[in-house]
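Chemist: Here is my input, please return the structure:
(one chain, ligands or ions: 1)
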Amino acid sequence: MLITVPGFAGVRQGVQHFFGTRHDVPGPDRSALVVVSVKQVHGTDVLIVDHPVSGAPAIEGGWDALVTDQPGVLLTVRTADCVPVLIHDPVRNIVAAVHAGWRGAVAGIVPKTLAVMAQRFGSQPASLSVSIGPSAGSCCYEVDEPVLGRLRDSYPDWRSLVQETGTGTAKLNLRGLVRGQAQSVGVREDAIHSVSLCTICLPDLFHSYRREGVVRGMMVSGIMLSVRRRTARRPRGKRRAD
Ligand SMILES: [Zn+2]
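Modeler: Next up is the predicted model:
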């Protein structure tokens, strides 16, 4: 079972996307030419795939965001409580996949990805569509001082993202943080789709590092620009004269 967000990006716009659940190990889509999967390190480095790739590319280093303008390149991220974020620019025909845990989110991985899209491909935030996937919800995601301290240092309005649960502990709205960051750099509010499913309190659907205490498995989410089929040529006799 895969979760898709119809209002976000679909086949009609030349895009395929999905958020994984624990019940599927998505094999490469048959129309994907290549699947890009990288080592994630809770950092803010953005990998740009701007040339044709094939086979199983060996990608060195650690990356938490992937951007491409190449059709048939399926960008994937793996999560189990962290936030998978998929981005589509229908104007420039660019897609991105982001892995945003609290560290990456607080460090600004999402605004950084949008900045890289703007610099490299001319993507305007106001044209973008963003989908925020299943992840630790504010219903369950309790954090303590190390996380809250970093949040306070980075966001003046951090209080709107937390609900105090005790001395030095609070429930954090991680998806809300990502949404706020995207809006703050110019993504339209109505172009941000949030899948309000919590990985911690929905064990039938999702793996959760927080709930299980160990990595039992990860969900795979992905996005790809479809490979356009070549349109059939008109029969010669019916060709319009120039
Ligand atoms: Zn929950």
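
Chemist: only C-alpha atoms for contact and neighbour calcs from this point on.
Modeler: OK.

Chemist: Helix, strand or coil: sort out the residue nearest to the spatial centre of the chain for me.
Modeler: With distances taken as Cα atoms, centre = their mean, residue 85 lies nearest the centre of the chain, 2.0 Å away. At residue 85 the chain is in strand, as set by DSSP: H, G, I helix; E, B strand; the rest coil.

Chemist: my read: it touches residue 104, true?
Modeler: No: here residue 85 lies out of contact with residue 104, judged by Cα atoms under 8 Å, at a distance of 11.8 Å.

Chemist: Tell me which stretches of the chain form strands.
Modeler: 2-3, 15-20, 34-36, 46-49, 65-68, 73-79, 83-89, 94-100, 129-132, 142-143, 162-166, 169-172, 192-194, 219-225 (DSSP state E).

Chemist: Please identify the most buried of those.
Modeler: When you average the neighbours per residue for each of those (mean count of other Cα atoms under 10 Å), strand 94-100 leads with a mean of 29.

Chemist: If you count contacts, what does that one end up packed against?
Modeler: Contacts defined by 3 or more Cα pairs under 8 Å, 6 or more residues apart in numbering; DSSP states H and E place strand 94-100 against strand 65-68, strand 73-79, strand 83-89, helix 109-121, strand 219-225.

Chemist: For residue 131, name its beta-bridge partners.
Modeler: residue 86, residue 193 (DSSP bridges).

Chemist: Next one: it from the ion, what distance?
Modeler: Separation of residue 131 from the ion (Cα to the ion, to the nearest Å) stands at 19 Å.
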